[in-house]
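In: Prediction below, plus the sequence it came from.
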Amino acid sequence: MRPSGLLRLLAIFFTLMATWFFTHTYFKRTGKTINIRGLLDFSSKTTSEKHSRNKCDNGKKCPQDFFAFKITSGAANVVGPSICFEDSILMSGVKNNVGRGLNIALVDGVTGALKKHKYFDMYSGDINTLLTFLKEIPENTLVLVASFDDPGSKLNPEARKLLTNLGSTHAENIGFRDSWVFLGAKDIKGKSPFEEFLKNTPDQNKYEGWPEALRIEGCIPRKVL
């Protein structure tokens, strides 16, 4: 064997021995072991944390002392609206507690607890019941509203004024088959930033006879007394 070949063999041998010695000494001293399950669990945990789900499936996580919400209006007269608050579905077609007209949920602005919910048929003229409901909303109450089918046919000036006082910008304009989602409050000062409104316009409607469904989501600060 040539000297150069022998040198290469000795180099490989000493490299292997040094690697074995380092590995043996390191793991023996630190007590660490390679655990495939641990690596898989860590990978799974990292992936889960990276893709963690937010409340109400919102796009952003709400900071501490904020409530998460999502409000979706009905789609035409087929798919009912949905109101989610702090990851709890308060009203939806699945829960079978929504109806054509205005769907309203009242939530305690301090605790986040549901106070009551009800839908009001604005096509048939459920206006007196709506007026009583709006007038009896207590202080420190969040008001979440979603339209379905027709929210405005029978809305009178008094009802529109009460909704405006809750922070709505568009309550005065809601009409036949318009789409509307809104979050306001009993004691709000000024206008709510959480509102979307779309007029029923035949040549622009997404559905035949109805505009597209609307959705708002976000975080609202917890009321501190």
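Out: That came through, no problem.
In: Which residues are in contact with the nearest residue to V110 once chain neighbours are set aside?
Out: The shortest distance from V110 to any non-neighbouring residue, by CB to CB, 6 or more residues apart in numbering, is to K223 (4.8 Å). The way it works is simple: take the backbone N, C-alpha and C, and place the C-beta from them, glycine included. Taking CB atoms under 8 Å, 6 or more residues apart in numbering as the criterion, K223 is in contact with G109, V110, N140.
In: And these, which of them are buried?
Out: By neighbour count, with 16 or more other CB atoms under 10 Å, the contacts of K223 hold G109 as buried.
In: Going by distance to E195, which of the contacts of K223 wins?
Out: G109 (17.2 Å; CB to CB).
In: Can you tell me how far the closest one is from A185?
Out: Note on G109: its distance to A185, by CB to CB, to the nearest Å, is 6 Å.
In: which residues do these two both contact?
Out: In contact with both G109 and A185: T141, L142, using CB under 8 Å, 6+ apart.
In: quick one: which of the contacts of K223 is nearest P211?
Out: Closest approach to P211 among those (CB to CB): G109, at 30.4 Å.
In: Could you find the closest non-adjacent residue to that closest one?
Out: Spatially, and ignoring its direct neighbours in sequence, G109 is nearest to K223 (3.6 Å; CB to CB, 6+ apart).
In: and what of G80?
Out: G93 is the one closest to G80 (CB to CB, 6+ apart), at 3.3 Å.
In: Tell me which helix or strand comes right after the lowest-mean-pLDDT helix or strand in the chain.
Out: Lowest on mean pLDDT, DSSP states H and E among the helices and strands of the chain sits helix 36-50, with a mean of 40. Using DSSP states H and E, the helix or strand that follows helix 36-50 in sequence is strand 66-72.
In: So for that following strand, what gets flagged as buried?
Out: Neighbour counts using 16+ other CB under 10 Å place F67, A68, F69, K70, I71, T72 of strand 66-72 among the buried residues.
In: Among those, which one lies nearest to A159?
Out: I71 (19.1 Å).
In: Am I right that L163 is in a strand?
Out: No. The assignment for L163, made by DSSP: H, G, I helix; E, B strand; the rest coil, is helix rather than a strand.
In: shaky segments in this protein?
Out: 1-51, 224-225 (pLDDT under 70).
In: switch to 90 and redo it
Out: For the chain, the stretches flagged by pLDDT under 90 are 1-52, 76-77, 122-126, 187, 189, 202-209, 223-225.
In: Can you give me the buried ones in stretch 74-87?
Out: Buried-residue list, stretch 74-87, by 16+ other CB under 10 Å: G74, A75, A76, G80, P81, S82, I83, C84, F85, E86.
In: what two of these have the greatest distance between them?
Out: Greatest spacing in the buried residues of stretch 74-87, by CB to CB: A76 and E86 (28.7 Å).
In: for this structure, what spans make up the strands?
Out: Secondary structure of the chain (DSSP state E): strands at 66-72, 82-85, 88-91, 101-108, 114-120, 141-148, 179-185, 195-198, 215-221.
In: right, and these - which one's nearest N173?
Out: Of all these, strand 195-198 sits nearest to N173, with 7.1 Å by CB to CB.
In: Need the contact partners of that closest one.
Out: Strand 195-198 is contacted by residues 167-170, 173-174, 178-184, 211-212, 214-216 when judged by CB under 8 Å, 6+ apart.
In: partners of that strand, with directions?
Out: Next to strand 195-198 in the sheet, as set by DSSP bridges, lie strand 179-185 (antiparallel).
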